[in-house]
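In: Just to be clear, the model below is a prediction. Sequence and coordinates:
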Amino acid sequence: HAALLSGGLALAALLGSFMLGIAVFLFVFFYLVLNVAYSLSFRHAPIADMMSVAVGFVLRVATGIAAVAAPYSPWILSTTFFFALFLVAAKRRLELGLTHGAAGRGALRAYTPEFLDQILIGAFSLTLAVFVAYAFLEAKSAWFPLAIVPVSFGMTRFLLTVRAGHTDTDDHLTLFFRDRWLFASVILFAIFSLASNI
């Protein structure tokens, strides 16, 4: 029943995306293929599991850009990729701390805290660097570059939470809602983003 339902929903998504244009259709098609590959294989393969999740987020953003015919931005796509990689590396790091590598997904057994910390720092640095470039090069107003502050604070606070291990969950949303500082940084980012479009 689950296979039939998911197949029907996938077909409906493809038909609906085709009505929005060939570019949207192709992005949705590749997203579905990636999800199938992840479920069957990639989630068990070290590195491939994290990269496929990050690429999935990029495909979502690219689909949205194509659907509304927004200007193409390599900066926002790059920011999306590195931020998604940061989040998924953080999730693996938290999972490893909670399970001690003895259980969970197959790829988790190949990771060490030290390796995941290196990925975290690298993705953290690249996300901020690319986002700063995006904020200044494609800002619609003087408001949007101000978003650099809450983004930098929020990511740093999140990194501290993950590295310190002061949590009993690997769910990102739970962490954001539990920590008032992280929640406040998200609200400020939303305010500056909205203000830049007024």
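Out: Great, that's in hand. The model shown is predicted, which means the values in this text are computed figures rather than measured ones. Numbering: from 1, shown residues only.
In: Quick one: low-confidence residue ranges for the protein.
Out: Residue ranges of the chain with pLDDT under 70: 99-105, 165-170, 198.
In: As a check, name the ranges of all helices in it.
Out: Taking DSSP state H to define them, one finds helices in the chain at 2-19, 22-40, 48-67, 74-99, 113-137, 148-164, 172-178, 180-195.
In: Return the most buried member of those helices.
Out: helix 74-99 (a mean of 20; mean count of other CB atoms under 10 Å). C-beta coordinates here come from the backbone N, C-alpha and C atoms, glycine included.
In: So which elements touch it?
Out: On a contact count with 3 or more CB pairs under 8 Å, 6 or more residues apart in numbering; DSSP states H and E, helix 74-99 meets helix 48-67, helix 113-137, helix 148-164, helix 172-178.
In: Work out which residue lies at the spatial centre of the chain.
Out: For the chain, residue 84 is the residue whose C-alpha lies nearest the centre (CA atoms, centre = their mean; 2.5 Å).
In: Would you reformat the helices and strands packed on helix 74-99 as a markdown table and include distance to residue 98?
Out: Converted to a markdown table, the helices and strands packed on helix 74-99 look like this (distance: least, CB to CB, whole Å):
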| stretch | distance to residue 98 |
| --- | --- |
| helix 48-67 | 17 |
| helix 113-137 | 12 |
| helix 148-164 | 12 |
| helix 172-178 | 13 |
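In: before we move on, the earlier item: could you report the distance from the residue nearest to the centre of the chain to residue 178?
Out: Distance, residue 84 to residue 178, using CB to CB, to the nearest Å: 21 Å.
In: and what of residue 56?
Out: 26 Å.
In: and if you look at residue 21?
Out: For residue 21, the distance to residue 178 (CB to CB) stands at 41 Å.
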